[in-house]
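# Generate coordinates for the sequence data below:
(2 chains, ligands or ions: 2)
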Amino acid sequence: MFSPNDGQQPGFPAESAAQAPFVDVRRDASGRLAVSFGGDWRIGSALPDLTPVHAALSDRTPQVLVLAAPRLSAWDSRFLTQLMGLADLAESRGITVDTAQLPRGVCSLLQLAHAVPERMDTGREPDDPSWLAAVGRWSQWLVRDFRDLLAFVGEATLSMGSVVVGKTRFRRVDLLRLMQDCGAMALPIVSLISLLVGLILAFVGAVQLQMFGAQVYIADLVGLGMTREMGALMTAVIVSGRSGAAFAAQLGTMNVNQEIDAFKAMGISTFDFLVVPRLLALISMMPILCLYAMLMGVIGGAIVAVAFFDISVSEYITETLRVVQMRHFLIGLFKGLVFGVLVGTAGCLRGMQCGRSASAVGDAATSAVVTSIVFIVVADSVLTLVFNRLRL
Amino acid sequence: MQPNPELGETAYIAVRDLTMAFADRVIQKDLNFAVRRGEIFVVMGGSGCGKSTLLRHLLGLQQPTRGEVLYAARSLWESPPSERAAILRKTGVLFQSGALWSSMTLIENVALPLSQFTDLPPSEVEAIARLKLALVGLAGFEEYYPAELSGGMQKRAGLARAMALDPDILFFDEPSAGLDPLSAKRLDDLILSLRDNLGATIVVVTHELASIFAIADNSIFLDAESQTIIASGNPRDLLADSTDVRVREFLTRGLHDRSGRGLRRAEEGRV
Ligand SMILES: Nc1ncnc2c1ncn2[C@@H]1O[C@H](COP(=O)(O)OP(=O)(O)OP(=O)(O)O)[C@@H](O)[C@H]1O
Ligand SMILES: [Mg+2]
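Ligands and ions are numbered 1, 2, ... in the order given. Purely as a prediction, here's the structure:
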């Protein structure tokens, strides 16, 4: 069947058989410029220099450009684009182009390409690259973003209000699934991070405290640090990376697929149906996760204290119980609640603002995390200051 | 096109001087037409002329640059949100892309509008949802997720969802795109029976000549170049009387169609 000497398989011309492409330019007495092509004009073959053709088109401008391809062995879109380039150049000089002698396939494809005239009213121009325009665009975006945020908060508040009154529109199973995603599924990573933060706090503090022989105060440092601050903060950062980004990606994808439009067109409020369960899930899960993170942090501190600094477990526990009071817990839990609202808001807002492409979904997720973390840190600073002033 | 005061009386949906634009780019301008209660109204036009955009305006998803959309003489955009929601609740829509809710199974997709807007017990909601899926030939696929269906099946599921609440007004954006000829024919029958048996008003965007001639009571023809309606009326009358070459070419699938196959196809659609 297949002999190695068989130079040419039917329908598959051997590569070596391909003829190098060439172009021939001739000018006759009547001012006609005849350009004939030959050889293999396909993607992948090295094209000949077309400058002689260009030169012939520009000096002593001919009246008619005759395109022909008597010895063309193979061609594809590459040939077409080259032809169109020449034809456009000729037409811009007022030269008539005669394509009658080209192969029929080439002619009909060229005709198709010109069948629908280019739409000139599409109103798309490249962006103005000057820095002033960039600043302008950026400030416009900032104002719009802030307005979006206000509108979102307003709508979300109304929807949450109707939940408080007892009118829910979302499906309970959605809420439960979201709570599982934001809460239970986050436990492993929250455990790990909080335990390590507890360890780090303990080590950093212990080195200083040891100089005064006050190692037992590691328990104070870790206990207060975890309950008042780090428990909520670290949980919020983790949750913003997990759930905030997920919310933005989910809602963003729904936007891309017109699923959001389908809700709106049906008169189902996207806030009631999509945003509220997400906010509720975070608001209910965040305090619980924070509580858990505090506990894990304290355990982390205990491990360091017991293993490296000669403190007994009971000493550590007694000291922790002495110093950590109810209000510290409540402050931590309150922060967790606030952070939960912020992460949920940022995630859902970015998801709803999402554009209509796959990369827009990625941008929305990224932006949700960045926005959450900014919100969290700003809110934490304000809250810390307020609690400090209140002497809590 | 002049606004037709006579139509205004019986119009269920009326569009007045509507101009649609994305940022600075005008898509269609000064559209005037009316859809009567209980008729099948077809929107025709070349690809990219703004048919889907027109539907978005009718559905209140996009605000008109100018002009207004009236439902039973009430303006969609000037109404307070609660009234707008009430108007939209009477509508069902099939988007060009299907737009099924991807995190829900087919039956959940169809059941959701029912459980949102009615007090029916869950068993009855489910029964109705099953019926709607069966009507579009998707019985047996209730527990499938949209991603597990073919494009044409997603279209049909979208149709079932649009019909879930037996709405007064149905909007279908290219319902038969991606369907085989037999399914497309069944779909036409379904659309006709929705009109005849439920008295629904149906606005259909479609390119299928056979469908157009089989179902349309009335139609408009949008043109991208002149950015407005270039013909309106019953497509058969248009085919018989229209002198506009663009309309004729569209309705005969191109006069220059060498074999004349297009003409015959269009004629077949009449019977
Ligand atoms: N989100 C958008 N932003 C900017 N321009 C848009 C947007 N959506 C659509 N357009 C423009 O509006 C015009 C009309 O689009 P539309 O989707 O309404 O066309 P169509 O008539 O439904 O076409 P088809 O038959 O192909 O579905 C197109 O030219 C398109 O470029
Ligand atoms: Mg469309």
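# in a strand, that's where residue B:18 is, yeah?
Yes. Applying DSSP: H, G, I helix; E, B strand; the rest coil, one finds residue B:18 inside a strand.
# Enumerate the residues of the stretch 1-150 of chain B near ligand 2.
Counting by C-beta under 5 Å from the ion, the stretch 1-150 of chain B comes close to ligand 2 at B:52, B:96. All C-beta atoms are positioned from the backbone trio N, CA, C, and that covers glycine.
# try 8 Å this time
B:47, B:51-53, B:55, B:96 (C-beta under 8 Å from the ion).
# which residue ranges form the strands in the chain?
You didn't say which chain, so I picked chain A. Using DSSP state E, the strands of chain A run over A:22-27, A:32-41, A:64-75, A:96-101.
# The intended chain is chain B.
Taking DSSP E as the test, the strands found in chain B are B:11-22, B:25-36, B:40-45, B:66-71, B:74-75, B:91-94, B:169-173, B:201-205, B:218-223, B:228-232.
# who touches residue A:163 in this structure?
By C-beta atoms under 8 Å, 6 or more residues apart in numbering or on different chains, the residues touching residue A:163 are A:276, A:280.
# Check the gap between it and ligand 1 for me.
The gap separating residue A:163 from ligand 1 is 33 Å, by C-beta to the nearest ligand atom, to the nearest Å.
# returning to that earlier point: pull out the buried members of the residues of the stretch 1-150 of chain B next to ligand 2.
Neighbour counting over these (16 or more other C-beta atoms under 10 Å in any protein chain shown) leaves B:51-53, B:55, B:96 as the buried ones.
# Verify the stated contact: residue B:59 with residue B:88.
Yes. In this structure residue B:59 lies within contact range of residue B:88 using C-beta atoms under 8 Å: 6.9 Å.
# For residue B:15, give the beta-bridge partners.
Using DSSP bridges, the bridge partners assigned to residue B:15 are residue B:33, residue B:69.
# Low-confidence stretches in the chain?
Picking chain A for this. Chain A contains residues with pLDDT under 70 at A:1-18, A:120-125.
# Not quite, go with chain B.
In chain B, residues with pLDDT under 70: B:1-10, B:254-271.
# So which residues on it come close to chain A?
By C-beta under 8 Å from any C-beta of the partner chain, the part of chain B that sits against chain A consists of B:23-26, B:56, B:59-61, B:85-86, B:88-89, B:91-93, B:95, B:97, B:99-103, B:112-113, B:115-117, B:161, B:224.
# cutoff 7 Å now
Counting by C-beta under 7 Å from any C-beta of the partner chain, chain B comes close to chain A at B:23-25, B:59, B:61, B:85, B:88-89, B:91, B:93, B:95, B:97, B:99, B:101-102, B:113, B:116.
# Okay, and which of these map to helices?
B:85, B:88-89, B:113, B:116 (DSSP state H).
# Most neighbours among those residues, please name it.
Within these, most neighbours by other C-beta atoms under 10 Å in any protein chain shown means residue B:113, with 24 neighbours.
# count of residues packed around the one residue in the stretch 151-271 of chain B that gets nearest to ligand 2?
Proximity of the stretch 151-271 of chain B to ligand 2 (C-beta to the ion) peaks at residue B:173, 5.8 Å away. As a burial measure, residue B:173 scores 25 neighbours (other C-beta under 10 Å).
# Contacts only, for the residue nearest to it when sequence neighbours are not counted.
Once flanking residues are discounted, residue B:173 sits nearest to residue B:96: 4.1 Å by C-beta to C-beta, 6 or more residues apart in numbering or on different chains. With contact taken as C-beta atoms under 7 Å, 6 or more residues apart in numbering or on different chains, residue B:96 is in contact with B:52, B:173-174.
# Same check on residue B:163?
Per C-beta under 7 Å, 6+ apart, neighbours of residue B:163: B:92, B:132, B:170.
# pretty sure the second one is touching residue B:164, no?
Yes. In this structure, residue B:132 sits in contact with residue B:164. The criterion is C-beta atoms under 7 Å, and the distance is 5.9 Å.
# Spit out the residues that contact the two alike.
residue B:110.
# give me the number of residues near residue B:183?
17.
# Distance-wise, check it relative to residue B:132.
16 Å (C-beta to C-beta, to the nearest Å).
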